[in-house]
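S.K.: Below are the sequence and a predicted model; questions follow.
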Amino acid sequence: MQQQFEGYLFLHNIAKPKNIGTIIRNAAAFNLTKVFMIGKQGQNKKKFQIAEGFSFFGNHGTFDQMNFHLFNNLKEAKEYFVQNNIYVCGVEIGEGSQNIITNPFKGNTVFFLGNEGTGLIPEHKVICDQFVYIPQYTQKTASLNVGVASGIIFHHFALWAGFQEQKVEGEKFLDPEKQKQEKERKKQEMIEYGKELKKQKLEQQKIQQQSLIQVFIQQQYYCYYYYLKKIQNQGKYNITFDINQTFFLYFIFVYNNNDFQQNSKRFKK
């Protein structure tokens, strides 16, 4: 049976890597289908580049199970959500926020969780269509950890949306055979990633070597050019030369003239 609604995660401005990993894991467990983030070069980034740019400590392999979509800024994100009929639900305690128990959802929803210390700041709140909070029953703590809160919020949405419960395999919700296949897939992905990094490194080394050769030739060429100018001015030789002739003569005389080599050393200094 095809599910009617979809849930998403907007991961932005979370300070602690462990919380990020926990939130990703919760999103995977409660069937949120995509993770939206803000990052440089936005949609042009590949998944392995996202992994390099952000810390997902504590995700327990769920990073590989999730789809990621990066935006360049909040404005771009909001435009995407509007175009795709996705409600932005901010998780925040405050005036106008609705109790999560009442299931105040309206349709496809992306959840925007606030920073552990500051919560959602004004520029975050302005893109939200609604806000929800988790009720507490004592005043012993001001709020829940953002990772813990995400699990409760996502679970309520999964119940409201009618997501189908995953069957238990042994004492887990993961099929051992699928787990084995996933490990093999991840292994191959890391091999390909290693090849890609090696290729990039070799290309960078090649560019650096070419650059060094060009700089060396250019320096030596100008040394010889000014050497010829010097001997011409001293009246040792009555010669005329152009750039092409100078470049050719450089290769003939560069290692056979003490005066030139001394001028070359002074030029480098």
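M.R.: Received it, and whenever you're ready, just let me know what you need. What you are looking at is a predicted structure, and each value in this text was computed from that prediction instead of being measured.
S.K.: quick one: the residue nearest to V110 when sequence neighbours are not counted and Q136, what's the gap?
M.R.: The spatial neighbour of V110 that comes closest, neighbours along the chain excluded (C-beta to C-beta, 6 or more residues apart in numbering), is Y8 at 3.9 Å. Yep, even glycine has a C-beta here, placed from its N, CA and C like the rest. To Q136, Y8 is 26 Å away according to C-beta to C-beta, to the nearest Å.
S.K.: can you check G117 too?
M.R.: For G117 relative to Q136 (C-beta to C-beta), the value is 18 Å.
S.K.: quick one, which of these two is more surrounded?
M.R.: Q136 (12 against 8; other C-beta atoms under 10 Å).
S.K.: Could you tell me whether that one really is in a strand?
M.R.: No - if the criterion is DSSP: H, G, I helix; E, B strand; the rest coil, then Q136 is coil and not within a strand.
S.K.: who's in contact with it?
M.R.: Listed by C-beta atoms under 8 Å, 6 or more residues apart in numbering, the contact set of Q136 reads 143-144.
S.K.: re earlier: neighbours of the residue nearest to V110, how many?
M.R.: 24.
S.K.: Report the separation between F68 and M37.
M.R.: 7 Å.
S.K.: try Y193
M.R.: For Y193, the distance to M37 - C-beta to C-beta - is 20 Å.
S.K.: who has more neighbours, those two?
M.R.: Using other C-beta under 10 Å, the more surrounded residue of Y193 and M37 is M37, with 19 against 15.
S.K.: which stretch of helix or strand covers the more buried one?
M.R.: Element membership for M37 (DSSP states H and E) is strand 32-38.
S.K.: Partner strands of that strand, with direction?
M.R.: strand 7-11 (parallel), strand 67-71 (parallel) (DSSP bridges).
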